[in-house]
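Participant: Based on what follows, work out the 3D shape:
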Amino acid sequence: MKSRIDVMHGVNFDVLEHRDAAVYGGLSLADLEFQIQRFARELGFEATFLQTNHEGEFCESLHRAKERANGLVLHPGAWTHYSYAIRDALELTGLPAVEVHMSKVSEREDFRQTSVIRDLCIGWVEGKGVDGYGEAFAMLKERLG
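Facilitator: Numbering: from 1, shown residues only. Prediction:
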């Protein structure tokens with residue numbers, strides 16, 4: 001049986017194609033998920049997806065994650081920088097997680113350089129666009145075997 005990885009995108013990813021193409025690549029969320037699914041399959045994973053603009057829904061999905069997934073790939077968007085509710089929900093899962101950012105957040109605005117979830121993750125990837133998700137799956141493959 002394949003390991004299942006929940007890929008969770010936060011606020012504003014539903015309008016990804018309208019965000020700055022120089023930062024986010026000009027892809028739609030559907031295009032991004034298609035490419036992520038390819039990375040998952042190449043490494044023997046089954047990927048499932050959630051995108052929400054509602055912090056509580058993101059938390060509730062994390063609460064249920066352990067029942068259905070072996071690991072997590074997280075791009076909470078702006079919530080990365082301040083949502084202690086998401087941090088607490090992530091900690092409750094006990095699952096290996098990788099934090100992903102398509103842009104190089106360490107070189108952007110000061111507030112984007114803070115992550116309240118990073119220390120709960122087995123790794124993080126920034127500034128590699130879609131390819132960063134492939135790297136995240138490789139980290140999970142190494143951890144999960």
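Participant: When you work out contacts or count neighbours from here on, use the C-alpha atoms and nothing else.
Facilitator: Fine.
Participant: what about Met8, helix or strand, and which?
Facilitator: strand 3-9 (DSSP states H and E).
Participant: helices and strands around that strand, which ones?
Facilitator: Judged by 3 or more C-alpha pairs under 8 Å, 6 or more residues apart in numbering; DSSP states H and E, the packing partners of strand 3-9 are strand 45-51, helix 55-68, strand 71-75.
Participant: State the mean pLDDT of the longest one.
Facilitator: It stands for helix 55-68. Mean pLDDT, computed over helix 55-68, is 97.
Participant: Using CSV, list the CA coordinates for that helix.
Facilitator: The C-alpha coordinates for helix 55-68 follow below in CSV (Å, rounded to 0.1, in the frame of the first residue of the first chain):
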residue,chain,number,x,y,z
GLU,A,55,-7.9,28.9,9.3
GLY,A,56,-10.2,26.7,11.3
GLU,A,57,-10.8,24.4,8.4
PHE,A,58,-7.0,24.0,8.0
CYS,A,59,-6.7,23.2,11.7
GLU,A,60,-9.6,20.7,11.5
SER,A,61,-7.9,19.0,8.6
LEU,A,62,-4.7,18.7,10.6
HIS,A,63,-6.7,17.2,13.5
ARG,A,64,-7.9,14.4,11.2
ALA,A,65,-4.6,13.9,9.3
LYS,A,66,-3.2,11.1,11.4
GLU,A,67,-6.3,9.0,10.5
ARG,A,68,-5.6,9.2,6.8
